[in-house]
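1. Here's a sequence, model it:
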Amino acid sequence: MPEASTKNRRTAARRRLSAVEIVGPVGLGGLGLLHAAWALGWRWPGGSDEAWAERLGGTTEMPTDAETWMMALVLIGGSGVVAASSSDTLRPPLVRRLVRFAAWGGSAALIGRALYFLPQDLAGDPGIFDKLDLTVYAPLSATLGICIATSLRRSTRRAVTKGD
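-> Purely as a prediction, here's the structure:
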């Protein structure tokens, strides 16, 4: 019996990944690296601390380096969780459930973030952050959240089909 289990794991490891299974982890990892670059002092988009803070948070108050590093670590860790959540070989079952639960939480947080600023973005006289949020940040958050949710649904169907 152990031979069949090993064979199933090798087959699962060789299956092709769909685009949604790639976009979530790569997108989160890329955003994590971008936050790390910001924590090291890179000020894109903006050039100065004030312009950078206005474009990314709608305020001139800068986040601390520790806060920016924390966000970088959360995003990079989330990338690993999302990648692991679509694996067919993750064992034991309790670990698989916890990883999938965390990935669902990340998906919900990203979709929630996309919707949170929407009333402000659409109200009256939008500032630069509102415009960027409406055209870049919110769509990116929603896309990542939806890709992660779709990936999780697909891996659930595979598990049910296999009787896992």
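
2. hey, where'd the helices end up in this protein?
-> 2-14, 19-39, 49-57, 65-85, 93-116, 118-122, 128-132, 138-162 (DSSP state H).

3. Now tabulate those in JSON lines and tack on mean neighbour count and mean pLDDT.
-> C-beta here means a position set from N, CA and C on the backbone, and glycine is covered the same way. As requested, those are arranged in JSON lines below (neighbours: other C-beta atoms under 10 Å; pLDDT from 0 to 100):
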{"stretch": "helix 2-14", "mean neighbour count": "10", "mean pLDDT": "56"}
{"stretch": "helix 19-39", "mean neighbour count": "19", "mean pLDDT": "95"}
{"stretch": "helix 49-57", "mean neighbour count": "17", "mean pLDDT": "91"}
{"stretch": "helix 65-85", "mean neighbour count": "18", "mean pLDDT": "96"}
{"stretch": "helix 93-116", "mean neighbour count": "16", "mean pLDDT": "95"}
{"stretch": "helix 118-122", "mean neighbour count": "13", "mean pLDDT": "88"}
{"stretch": "helix 128-132", "mean neighbour count": "16", "mean pLDDT": "92"}
{"stretch": "helix 138-162", "mean neighbour count": "17", "mean pLDDT": "85"}
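
4. How about the residue nearest in space to the middle of the chain: what's its closest non-neighbour residue?
-> Nearest residue to the geometric centre of the chain (C-alpha atoms, centre = their mean): residue 28, 3.9 Å. Excluding the flanking residues, the one nearest residue 28 by C-beta to C-beta, 6 or more residues apart in numbering is residue 79, at 3.9 Å.

5. right, and that neighbour touches residue 23 too?
-> No: the pair residue 79 and residue 23 does not pass the contact test of C-beta atoms under 8 Å, sitting 11.1 Å apart.

6. Roughly how far does the residue nearest to residue 111 when sequence neighbours are not counted sit from residue 21?
-> The shortest distance from residue 111 to any non-neighbouring residue, by C-beta to C-beta, 6+ apart, is to residue 145 (3.8 Å). For residue 145, the distance to residue 21 equals 14 Å [C-beta to C-beta, to the nearest Å].

7. Check residue 97 too.
-> As defined by C-beta to C-beta, residue 97 lies at a distance of 19 Å from residue 21.
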